[in-house]
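S.K.: sequence unknown, structure follows:
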Ligand SMILES: CC(=O)SCCNC(=O)CCNC(=O)[C@H](O)C(C)(C)COP(=O)(O)OP(=O)(O)OC[C@H]1O[C@@H](n2cnc3c(N)ncnc32)[C@H](O)[C@@H]1OP(=O)(O)O
Ligand SMILES: CC(=O)C(=O)O
Ligand SMILES: [Mg+2]
């Protein structure tokens, strides 16, 4: 591992100085766009004002013979829409590092859109070595093309080896912005017997003991992803970066999508992916704290102006720890309110 002083040094002569703090950005939904489809790309200008992040996807779901068109479409999209003026992040998911495509993709993206791309999402990250590699590559390209703002990195956690190494991945570079759970590839990597993209499974459950009178035994579904998810959230929080839920593949089940997103929000996630326009509003509602909870959190902060001591509000004990919880909630709401007039009104900021 690098020394403390070396960690924040630029990795190439002429590369911009790495971020010391992550830029404060609202990222409730990362909306996936297939950039090789002109028809969908044409709608990005309309969709962008309704989302926090637009992601051009170059990896899975893009046919092998359309990889070049997807890259060209990404560059075109970065010019067609002024994402910065809209306050919308522009991310790109590149192909994985052992694919024949990633090298040309990264080189082209930095050369042609290096000042417009906020985050590169790297799939199937197995360990910190993957981040070291892409970190160095980006620094060299940023220096070559005079990019002045370092492009951030986001890792997808979607292999058993990646899960094993998630702590080192999260802390591998000052470029690390966050990590998303990739439940489809991860399921395959672990030989899990499911064909779903995220969510629960009706077969994974606990059942109560038999009743002596023969009454039916209650049984409930459990969360297949809890262990991995909690490990990822702790790794991200410890390194000061953001955890995200990844995709929810059942586009036809908005109720389950909302539940999965809510579990992620409660566990500490900043946002989730939207694969279809119908998932945008779900993510927006779920990842914006509930106005009633924000109002209660503000009462806690007001009751304990210096954050110390103890207070009672509506029968609930408050102390330094709940003050910090309230601050998390209110800070999140303030950040959203600064970007989103609808929520500014709901929160009364
Ligand atoms: C495991 C993983 O790696 S997940 C990440 C990879 N997967 C993806 O990125 C998938 C992204 N999403 C998609 O490609 C599509 O939403 C699909 C294939 C899932 C469904 O597409 P469709 O069957 O066309 O959906 P549907 O008919 O409901 O679409 C309604 C409209 O929304 C548009 N639309 C669908 N998805 C998107 C999108 N992600 N962004 C913008 N517009 C979209 C369609 O073009 C259609 O437009 P139209 O009414 O003008 O014809
Ligand atoms: C998100 C993703 O790529 C996966 O689930 O495999
Ligand atoms: Mg995947």
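M.R.: Looks like it came in fine. All values derive from a computational prediction rather than experimental measurement. Ligands and ions are numbered 1, 2, ... in the order given.

S.K.: For the rest of this, base every contact and every neighbour count on C-alpha atoms.
M.R.: Noted.

S.K.: Any part of stretch 143-160 near ligand 1?
M.R.: No: figure legend: stretch 143-160 not in contact with ligand 1 (C-alpha under 6 Å from any ligand atom); closest approach 9.6 Å.

S.K.: Quick one: end-to-end length of that stretch, please.
M.R.: End-to-end span of stretch 143-160 (C-alpha to C-alpha, to the nearest Å): 34 Å.

S.K.: And it, how far out from the chain middle?
M.R.: Per C-alpha atoms, centre = their mean, to the nearest Å, the displacement of stretch 143-160 from the mean C-alpha position of its chain is 14 Å.

S.K.: can you check stretch 268-285 too?
M.R.: For stretch 268-285, the distance to the chain centre is 10 Å (C-alpha atoms, centre = their mean).

S.K.: touching ligand 1 at all, it?
M.R.: Yes: using C-alpha under 6 Å from any ligand atom, we find that stretch 268-285 touches ligand 1 at 275, 276, 277.

S.K.: And these, which of them are buried?
M.R.: residue 275 (16 or more other C-alpha atoms under 10 Å).

S.K.: Pull out the buried positions in stretch 93-101.
M.R.: 93, 94, 95, 96, 97, 101.

S.K.: Going by distance to ligand 1, which of those wins?
M.R.: residue 93 (9.1 Å; C-alpha to the nearest ligand atom).

S.K.: Isn't that closest one up against residue 56?
M.R.: Yes: between residue 93 and residue 56 there is a contact at 6.3 Å, judged by C-alpha atoms under 8 Å.

S.K.: Rounded mean pLDDT for stretch 152-164, please.
M.R.: Throughout stretch 152-164, pLDDT has a mean value of 98.

S.K.: What lies in contact with that stretch?
M.R.: Applying C-alpha atoms under 8 Å, 6 or more residues apart in numbering, the contact partners of stretch 152-164 are 118-127, 166, 169, 175-187, 189-190, 228, 232.

S.K.: How about it, which residues are buried there?
M.R.: Buried-residue list, stretch 152-164, by 16+ other C-alpha under 10 Å: 152, 153, 154, 155, 156, 157, 158, 159, 160, 161, 162, 163.

S.K.: Those: which two are farthest apart?
M.R.: Maximum pairwise distance in the buried residues of stretch 152-164, criterion C-alpha to C-alpha, is 23.9 Å, between 152 and 160.

S.K.: ok, now which ones touch residue 312?
M.R.: Per C-alpha under 8 Å, 6+ apart, neighbours of residue 312: residue 318.

S.K.: And it, how far from ligand 1?
M.R.: 46 Å (C-alpha to the nearest ligand atom, to the nearest Å).

S.K.: Before we go further, that residue is sitting in a helix, right?
M.R.: No: read with DSSP: H, G, I helix; E, B strand; the rest coil, residue 312 is strand and lies in no helix.

S.K.: what's the pLDDT at it?
M.R.: pLDDT, residue 312: 97.

S.K.: What of residue 174?
M.R.: The model's pLDDT for residue 174 equals 98.

S.K.: name the element the nearest residue to residue 41 once chain neighbours are set aside belongs to?
M.R.: Setting aside the residues directly before and after it, residue 41 is nearest to residue 35 in space (C-alpha to C-alpha, 6 or more residues apart in numbering), at 5.8 Å. Counting by DSSP states H and E, there is no helix or strand that carries residue 35.

S.K.: and the gap between residue 35 and ligand 1?
M.R.: 9 Å.

S.K.: Go ahead and confirm that residue touches residue 68.
M.R.: No: contact criterion C-alpha under 8 Å: residue 35 and residue 68 do not qualify, at 10.2 Å.

S.K.: Same drill for these two, tell me which one is more crowded.
M.R.: Using other C-alpha atoms under 10 Å as the criterion, residue 35 and residue 68 rank with residue 35 on top: 27 against 16.

S.K.: need the contact list for that one.
M.R.: Per C-alpha under 8 Å, 6+ apart, neighbours of residue 35: 41, 56, 57, 58, 69, 70, 71, 73, 74, 77.

S.K.: Kindly report the same for residue 320.
M.R.: So residue 320 contacts 307, 308, 309, 310 (C-alpha under 8 Å, 6+ apart).

S.K.: Buried among those? Make that a ChimeraX selection.
M.R.: Selection command for ChimeraX covering only the buried members of those, criterion 16+ other C-alpha under 10 Å:
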select :307
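
S.K.: Adding secondary structure and distance to ligand 1, write the contacts of residue 320 out as a markdown table.
M.R.: Output for the contacts of residue 320, formatted as a markdown table (DSSP: H, G, I helix; E, B strand; the rest coil; distance: C-alpha to the nearest ligand atom, whole Å):
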| residue | secondary structure | distance to ligand 1 |
| --- | --- | --- |
| 307 | coil | 42 |
| 308 | coil | 45 |
| 309 | coil | 47 |
| 310 | coil | 46 |
